[in-house]
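Q: Give me a model of this one.
(chains A, B, C and D, ligands or ions: 4)
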Amino acid sequence: MSPVTENAHGETPRHTDVVKDVVRRGAVFILLALLVVGFSWTQPAFANINNLMSILQAVSVVAIIGTGVTVTLAIGGFDLSVGAVAASAVMAASYAMIVLGLNAYQTVPVVLAFGALVGLVNAFLIVRLQVPDLLATLSMMFLLMGLQLIPTAGRSISVGLILPDGSTASGSYDPMFLMIGRSSLFGLVPLAVVLMLLTAVTLYILTERTRLGRLLYATGGNELATRLAGANTARIKTFAYVLSGVLAALGGVIVAARVGRGDVSSGASLLMDSVAASLIGFAVLGLRRPNVLGTVIGAVFVGVLLNGLTMLNAPYYTQDFIKGAVLVGALALTYGVSRAKS
Amino acid sequence: MSPVTENAHGETPRHTDVVKDVVRRGAVFILLALLVVGFSWTQPAFANINNLMSILQAVSVVAIIGTGVTVTLAIGGFDLSVGAVAASAVMAASYAMIVLGLNAYQTVPVVLAFGALVGLVNAFLIVRLQVPDLLATLSMMFLLMGLQLIPTAGRSISVGLILPDGSTASGSYDPMFLMIGRSSLFGLVPLAVVLMLLTAVTLYILTERTRLGRLLYATGGNELATRLAGANTARIKTFAYVLSGVLAALGGVIVAARVGRGDVSSGASLLMDSVAASLIGFAVLGLRRPNVLGTVIGAVFVGVLLNGLTMLNAPYYTQDFIKGAVLVGALALTYGVSRAKS
Amino acid sequence: MSLLVAEHVSHAFGSTKALTDSHLSVEAGEVVALMGANGAGKSTLVKILSGVIRPDAGRVTLNGKPYAPESPADAATRGVVTVHQSTDVVGIPGLTVADALLLQHYVEKRSPFFLSRASVRRQARRVLDEAGFHLPLDRDFAELGAADRQMVAIARALSNKAELLILDEPTASLSMQEASRLYDIVRGLKARGIAVLYISHRTADLAALADRVVILRGGRNVGAFSRPVDFDAAIETMIGRPLSAARPKKRERFGRPVIELRGARLFPDSAPFDLVVREGEVVAVTGVLGAGKSRLLSSLFGLKRLADGEVLLDGKPYAPKNPEEAIAAGVVLAGEDRHRSSLIPAGWPGETIAATISLPHLPRWYPSGFMFSGRERREGNLAINRLGIKALDALASVWSLSGGNQQKVVIARWEAEPSRALLLDEPFQGVDVGARQDIIAAIRAHADRATLIATSDSEEAHEVADRVIEIDHHSLIDKAHGGENGQQEESI
Amino acid sequence: EGISGAPAPFDSRQVNIAVVSFLGGGDWLQAFEAGVKRQADALGVNLTISQARNDNDTQRNLVEQAINLGVDGIIINNGRPEVLKDVAEKALEKGIKVVAYDVNLDNPAIPQIEQSDKDMASLVLEQAVKDKGDGFVGGAVYVAGFAPLDRRYAVWKDFVTKHNLTEKAVWGVVNDTVPASVADQTKAVLRANPDISVIFTPWDEFAKGVKLAIDELGLSQQVKIYGVDISTADIQLMVEPDSAWAATAATNAAVVGEVSVRAVSLAIAGQSPGQSVLLQPTLITRGDLTGNDIKTIEDLQQKFPAFLKSDAATASWIPAAK
Ligand SMILES: Nc1ncnc2c1ncn2[C@@H]1O[C@H](COP(=O)(O)OP(=O)(O)OP(=O)(O)O)[C@@H](O)[C@H]1O
Ligand SMILES: Nc1ncnc2c1ncn2[C@@H]1O[C@H](COP(=O)(O)OP(=O)(O)OP(=O)(O)O)[C@@H](O)[C@H]1O
Ligand SMILES: [Mg+2]
Ligand SMILES: [Mg+2]
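A: Ligands and ions are numbered 1, 2, ... in the order given. The predicted structure follows:
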């Protein structure tokens, strides 16, 4: 055994160890429960089912994009372009409907294909040209931030858009498309939340319960070993980036369907928030690795925090502060409590 | 005879290899030269010495923060909090002078100490609690984004600021402090540029030519091996994060001295731009690793691009696109050209 | 018809010609041993046959058909399965041992797409049982030591339907017990008509298994021997000079005690023991896998704490809290598994031979803090000459060296400056016979320090040490008074 | 509790109002929220203030959250009609009163408060034409996608054709360090186009950057800034000796805040404030400021009563903000 990794030998877990383990694995859940109880107590409107659905709806986009980021983290990469992909997807969806006059059934596939294409280009840079992932996806981010504005010469896209050639765009948002962001199942569960749950469940099964999932993590953990075992790691990595691009585009579709227009945005806050969700996910269940379930719970956690604080009328700047402080707290619990063990 | 010594019989490097190597190592320089020539040709005002100084001044903050990021990349970490540290430093400097009435000689040390403190906290989370670096510095980023606004309840800080308690702040920006951002050496070289060059040279020597630099990279390359060789890797990592914090704070000081007020900002674009500079630095000289010289050249590269495009009256939205496209081009050259070799 | 025939195979890494016009044939049901000094090109040939790299020139046929595997997966589907030399490339830190055992199953399109914890355990258990090894299935692969990793690799390879099994130094960190289990397995495969290409620096392995020996030197074929193999002649052919017959002279008298352990316990429930190592003395500790060899050394190096007992260094109490303190006190350790414990990755500052050697000595060599004087390069070149490291210059990357030469660089690091006590954990992993003599000579040249070596190979132990002690269940069985002179079997 | 003599529900219980702003910060928002708080305190109203930080989706979420919270009225400050129309209607369905500032929700039940961006830009550009005459060479700092900026820039475009101006360059950036980044860009533009004599800055953050660049280049005699918006910091920049910032046009953001609260309160009390409440901007030139020794917004309010308060949306039972 290597001298460094070996573990204390033979000790039966002591009582404090059990407590520590519960704290470590459950830190995020415990904090989440405390938050929900605290908020409901001070502001009864918080626990209202509609409000809880609002929270889920608010986090759905970040959670969906975050699961994509999680998959790229699993293969040992990092996709910094997701925010920009989502922002561009909003523009692309608006352009498709308002300028090109497409309907919802045409727009959605086109936009998702756009996300897949961006993922393919990322993968080409990373897998074929062997550009470091951060570098490749950062360049892609800048590229998209500019690209999304070129078709309309920097204008936002809304009904009656004046095109660069002076004519007026004749299309409008397809009401079917708006349903994606604005309708609810049984008048209660927003469609966006359903999409989030579907994505979460599918990706959870994919990453944790399938061969492909193991190979994703294996590629991230030791690419050479995975390749020597016969896996086509280039294809696995490409898959991850394409998936991440498609999910980011899906996030963009939901945003577009909610806001009903295409506004210029850098996607920086979507990027930060979805990365934050993925990273908090490390702490969920004490797994200390990227995982889909953790990401979704991480997103919900932040959503609950922000919704509750807004209800309690906390100014936005204290919200960032508290978000940071709670993050640090969850981390300290997850990582700090058992540092003696590692 | 060992195969290694056999290259006497070995072929001399082929001609195409030499060309490839020049392209790979020089890709960024070649692009930079092309840009400068192209811009000077189409717009003679570009090559004016004053304009070149303006470019350096414009990139000084990003370059200084970027070198800090580079050092954290060298130890195998990543500091996502630099943008927020710089943004908070702007607020802290303004607060120190306008609310607390400090002068320049007191403000600068206080602000730099603030940066060091943030670095220490980051290091504590990462080194002691073993929180993954991205996670720790991301939390710190959110924390600071909120924290910077709490003393003034979210207000920007300028002369005549009304404090939360209703009174009016009596201090003002010390003219000595403004000199940091606004004065020039010999009426030509802006002080900010001098600071950037000093930082670059110091950190270049530190990272490439000293014992400590070797240990920084060694820690990033194989922390276990470095520790087994007797180095105190905890201290080395702490040093890197403190340095990164101090440099980000210095960047903030320069921004504050130039703008003369404390504006609320998340620091997200400062973060992106300095990370971009660090990452482009990988491509400079074909080193494919974080390096200080590359970071500074990367920052200048982007600065030249943006200045030239502005002079040519390129719409702002094409600038991001071109920035991304040129990045991708540089990467493709640096990494793609010799991918067969690796 | 031969199963596999390789002809005129050449391969160069940059300007280094690793293989030149080499050839090899293997019959079904035959165990062919590939011998060669460190850097002879053995692993390069293995990598070509297993589809990791493509040869620059040459032709390979398998069952008479052209064979040019595109990838490891391609090679495996055609029945060529490989256990590579590096144990780093076996499993995935963060995934379990069971996952490591099943990695190839995950790649196969035919195996079920969905997994459950139970199905993974069941299949992994079956793979292990086939090989007859015992490993903790749920443990993180990162926690496994080199020997366990090697067993994972072997078990996994055996679970494949192979026509040709390639084993590149499979026993480098195994003890005699596990090694003999492997012999049985290989004989079983042979009986089933499976061909085995076997690479090892241990003559015991080859003597037990090889039907035929093929010898490479400097990337060229320089000889072949059939059963019964004259290993002395083979070794001479391999290193290109007669092996010096003179065994290093054992000292009779040693200096003052340097390291003294009194009533030491490695674990709370293990038996206490005493140990004294004197100036000029070389003591080797042997024992089976997991006996506690590494644990003993890491306790002395400040990586682990003794559960009980007292340690004296030069008569003074000694309780280092970390390697930094141990090194400051003059106690140094070269860890097993050099990739993890000693080397900086390729392409990163500090990857050169010189920098690998200088890393712990920077404060002494560069007291000003600035590294302008080029001292590390001078010291590196000295080490290259002293230990016979096959490199052009100390500024070359350690990653351009063969496994054995890398190990020499690691030893050279701790030879570069005087120390009170030198601790070596498996210092001869993957080192060829000639190089082993070089290293032993270097170790034994110092009369002013104590040396404690952990090795799972008792042959090696007797060759290097003045005194060999065995460790079992985390406690020493002192055979100091046994006849280490008489006990020296024929070792190479 | 409650205000005696006021209509229901102000006479009997605590009234809750949510303010959802599209912006995330800046001097204008600070002053707006200060005004909102002042008027709300005078009315004894409980406020929930939130900012969408320039994010459409967040703004929708915040409006929905206000609905979940069951407030009596919602003030929507800026934003995009397409984004907000349906959630505003949802609020109305739940009996929540909505007023909108600077965003046209196109619903007769939602009173519109407007600071006319068109008037502001016209005022200051007319001043520019007065100072420099028709046909001057100018540039504009502009980034598309921010509704008020879009409207103000459209006025500039009109002026370019109507007064035969030359638009030499358009530049601008919105990031963490707007003034510094705009200064860097402006220096490049002025070096490339030395004939520019007027720069139109539809946002005061842009004006700060342009002024910094002009100072650094020492061109404050040749190039003048015509801007929009005002704050104490802006005033100080304008009154600096030799300042290039010649004129600005603004409404008093604090007054906008007060009017918004009054309007939604009237709506809650069932007394319509009218479908449209218009706030008139004021033109402020450098000469006005230096001539009257104005150094802060407070000074400005004293010297320009039009800037101090508005009598839009008032009622006898609504106490004046203090
Ligand atoms: N991660 C771990 N968890 C529990 N026990 C461990 C762990 N690592 C090592 N051990 C135990 O510690 C004891 C000492 O191991 P050590 O590595 O010192 O053995 P060793 O003799 O050096 O064997 P090897 O030949 O594998 O290097 C063994 O019983 C081993 O099983
Ligand atoms: N990736 C590489 N880059 C450059 N040179 C290499 C590389 N891999 C191997 N070499 C060189 O090729 C030659 C053959 O190496 P190889 O690994 O095949 O030797 P080996 O016979 O397996 O030695 P050992 O017994 O030490 O493992 C050596 O000189 C080595 O330095
Ligand atoms: Mg080898
Ligand atoms: Mg061991």
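Q: Please count neighbours and contacts with C-alpha atoms only from this point.
A: Will do.
Q: Stretch C:183-203 close to ligand 2?
A: No: Stretch C:183-203 stays clear of ligand 2 (Cα under 6 Å from any ligand atom), getting no nearer than 7.4 Å.
Q: residues near residue 183, how many?
A: I'll assume chain A. Look at A:S183: counted by other Cα atoms under 10 Å in any protein chain shown, it has 17 neighbours.
Q: meant chain C, my bad for not saying
A: The burial count for C:Y183: 15, using other Cα under 10 Å.
Q: Let me see the confidence value for it.
A: In this prediction, C:Y183 carries a pLDDT score of 89.
Q: Could you tell me the phi and psi values at C:L4?
A: phi -130, psi 130 (degrees, to the nearest 10).
Q: what are the bridge partners for the closest residue to it other than its chain neighbours, then?
A: Counting by Cα to Cα, 6 or more residues apart in numbering or on different chains, the nearest residue to C:L4 once its immediate chain neighbours are dropped is C:L62, at 4.5 Å. With beta bridges defined as DSSP bridges, C:L62 has these partners: C:L4, C:K65.
Q: And C:L62, how far from C:G79?
A: 9 Å (Cα to Cα, to the nearest Å).
Q: Settle it for me: which of these two has more neighbours?
A: Per other Cα under 10 Å, whichever of C:L62 and C:G79 has more neighbours is C:L62, with 21 against 17.
Q: related to what we said a few turns ago, the residue nearest to C:L4: what's it in contact with?
A: Taking Cα atoms under 8 Å, 6 or more residues apart in numbering or on different chains as the contact definition, C:L62 lies against C:3-5.
Q: which bits of chain D sit near chain A?
A: D:47-51, D:56-58, D:60-61, D:64-66, D:68-70, D:82-84, D:143-145 (Cα under 8 Å from any Cα of the partner chain).
Q: Which ones among those residues lie within strands?
A: Taking DSSP state E, the ones among the residues of chain D next to chain A that sit in strands are D:47-51.
Q: Among these, which ones lie close to ligand 2?
A: Applying Cα under 6 Å from any ligand atom, the subset of these adjacent to ligand 2 is empty.
Q: With distance to chain C, neighbour count and pLDDT added, can I get those residues in CSV?
A: As requested, those are arranged in CSV below (distance: Cα to the nearest Cα, whole Å; neighbours: other Cα atoms under 10 Å in any protein chain shown; pLDDT from 0 to 100):
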residue, distance to chain C, neighbour count, pLDDT
D:L47, 50, 20, 91
D:T48, 47, 20, 90
D:I49, 46, 24, 90
D:S50, 43, 23, 90
D:Q51, 42, 22, 88
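Q: Grab the nearest non-local neighbour of C:D140.
A: Closest to C:D140 by Cα to Cα, 6+ apart is C:T96, at 4.4 Å.
Q: Most neighbours of all the contacts of C:L62, which one?
A: Result: C:L4 is most packed of the contacts of C:L62 (other Cα under 10 Å), 23 neighbours.
Q: contacting residues around that residue?
A: By Cα under 8 Å, 6+ apart, C:L4 lies in contact with C:24-27, C:60-64.
Q: Let's see that with 6 Å instead.
A: C:25-26, C:61-62 (Cα atoms under 6 Å, 6 or more residues apart in numbering or on different chains).
Q: The residue nearest to C:D140 contacts C:E143, correct?
A: No: if you go by Cα atoms under 6 Å, C:T96 and C:E143 don't touch, sitting 9.4 Å apart.
Q: Would you mind listing what in the stretch 151-300 of chain C touches chain A?
A: Residues of the stretch 151-300 of chain C lying close to chain A (Cα under 6 Å from any Cα of the partner chain) are C:294-295, C:298.
Q: Turn these into CSV, columns for distance to C:S116, neighbour count and secondary structure.
A: Shown next, in CSV, are these (distance: Cα to Cα, whole Å; neighbours: other Cα atoms under 10 Å in any protein chain shown; DSSP: H, G, I helix; E, B strand; the rest coil):
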residue, distance to C:S116, neighbour count, secondary structure
C:S294, 36, 26, helix
C:R295, 36, 24, helix
C:S298, 38, 23, helix
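Q: Out of the contacts of C:L4, flag the one nearest to C:D168.
A: C:D168 lies nearest to C:V26 out of these, by Cα to Cα, at 15.5 Å.
Q: Around the closest one, count how many other residues there are.
A: Every residue meeting other Cα under 10 Å relative to C:V26 is counted, giving 20.
Q: same check, this time on the one 5 residues further on
A: Under the neighbour criterion other Cα under 10 Å, C:V31 is assigned a count of 26.
Q: any idea what sits nearest it, other than its immediate chain neighbours?
A: In space, and not counting its chain neighbours, C:V31 is closest to C:V196: 4.7 Å by Cα to Cα, 6+ apart.
Q: Bridged to that neighbour, which residues?
A: C:V31, C:L165.
Q: How much space separates it from chain D?
A: Distance of C:V196 to chain D, given as Cα to the nearest Cα, to the nearest Å: 64 Å.
Q: how about that residue, what does it touch?
A: C:31, C:164-166.
Q: And C:N63, by the same measure?
A: Contacts for C:N63 (Cα under 6 Å, 6+ apart) come out as C:L3.
Q: Roughly how far does it sit from C:V31?
A: In terms of Cα to Cα, C:N63 sits 17 Å off from C:V31.
Q: D:L289 now?
A: Using Cα to Cα, D:L289 is found at 99 Å from C:V31.
Q: D:K90 too?
A: 81 Å.
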